[in-house]
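1. Using only what follows, build the 3D model:
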Amino acid sequence: MDSGAYSQVIEKKARTGWLLSYGDVITLLITFFIMMISKQAGDISRINRWVNERLQESNRQIEAVISGANMSDISTSLHSKGVQITLRGQSIFRTGDAEPLPELEEKLASIGASIRDLDILDLRNTVHAPVLRELEANGLIWNVEIRIEGHTDNVPLSSSSKYKDNWELSAARAQNIMKILQGSTGLSEKAFAVAGFGMFKPVAGNDSPEGRALNRRVEIYIDASIVKRQQN
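-> All right, here's what the predicted structure looks like:
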């Protein structure tokens, strides 16, 4: 074999060896990223499970208060948006009005007291304090939000109503409920949010009295999440 042919063989082997080494590096990198993603997914799953357990505890606490006080027009359940407390019935508002009836105000005071006592509002004084410290050490905070949503049926308001339409009425009802809860819980206004959906998110048909009664409601959601701490 002459020197030129020999050089070509050596050069070809060198190129092939470099490609194999590069391929091994890429394979290692892909494996590394898969492992990181799997670990992160496992951590996220563990955190989500822990948050859901805290919400389940809160739901049981509020449900015990509602059941004990025989509040038949108020129900509670777990929802994707948190603990859901639903106010519904003839004893919460007058037709076309956004001011809660006295009976509802009394019930909201009891519900507000139960919310104030929820463990999720002060994890520092619970067995979960180490988890909270771990979150804070990683630049995260425990955030609790109480969201109140108003809903109506599709019956138009009378011309004498002070509200323009059902949309405006539902928002006013949600805001008034929020003010009562904020006062009874003593929580910061920053912990609350309100929304009015009018007749646009029904849970039943509006073609019967029973369906319209189900659609006239206020929903309170208590949600908790882990969020990144905002830098000042």
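2. Give the buried residues for whatever helix or strand residue 148 lives in.
-> Secondary-structure assignment from DSSP states H and E places residue 148 in strand 140-151. For strand 140-151, the neighbour count (16 or more other Cβ atoms under 10 Å) marks 140, 142, 144, 146-151 as buried. Every residue, glycine included, has its C-beta placed from N, CA and C.
3. Distance check, the residue lying closest to residue 119 once chain neighbours are set aside against residue 60.
-> Once flanking residues are discounted, residue 119 sits nearest to residue 126: 5.0 Å by Cβ to Cβ, 6 or more residues apart in numbering. Computed as Cβ to Cβ, to the nearest Å, the residue 126 to residue 60 distance reads 15 Å.
4. This structure: strands as residue ranges?
-> 74-79, 82-88, 140-151, 192-196, 217-228 (DSSP state E).
5. so which of those strands gets nearest residue 51?
-> strand 217-228 (5.8 Å; Cβ to Cβ).
6. got a list of what residue 201 touches?
-> Contacts for residue 201 were tallied using Cβ atoms under 8 Å, 6 or more residues apart in numbering; they are residue 151.
7. Let me see the ranges of the helices in the chain.
-> For the chain, the helices defined by DSSP state H cover 3-68, 102-116, 129-137, 166-185, 209-215.
8. mean pLDDT lowest for which of those helices?
-> Ranked by mean pLDDT, the helices of the chain end with helix 3-68 at the bottom, a mean of 66.
9. what's across from residue 88 in the sheet?
-> residue 217 (DSSP bridges).
10. Just the pLDDT at it, thanks.
-> 92.
11. Give me the number of neighbouring residues for the closest residue to residue 107 other than its chain neighbours.
-> Nearest non-adjacent residue to residue 107, counting by Cβ to Cβ, 6+ apart: residue 71, 5.4 Å away. Residues near residue 71, counting by other Cβ atoms under 10 Å, number 21.
12. again with residue 218
-> 27.
13. now swap in residue 117 and tell me
-> Neighbours around residue 117, by other Cβ under 10 Å: 14.
14. which ones are touching it?
-> Contacts of residue 117 by Cβ under 8 Å, 6+ apart are residue 61.
15. what's residue 217 in contact with, if anything?
-> Residue 217 neighbours (Cβ under 8 Å, 6+ apart): 86-88, 151, 203.
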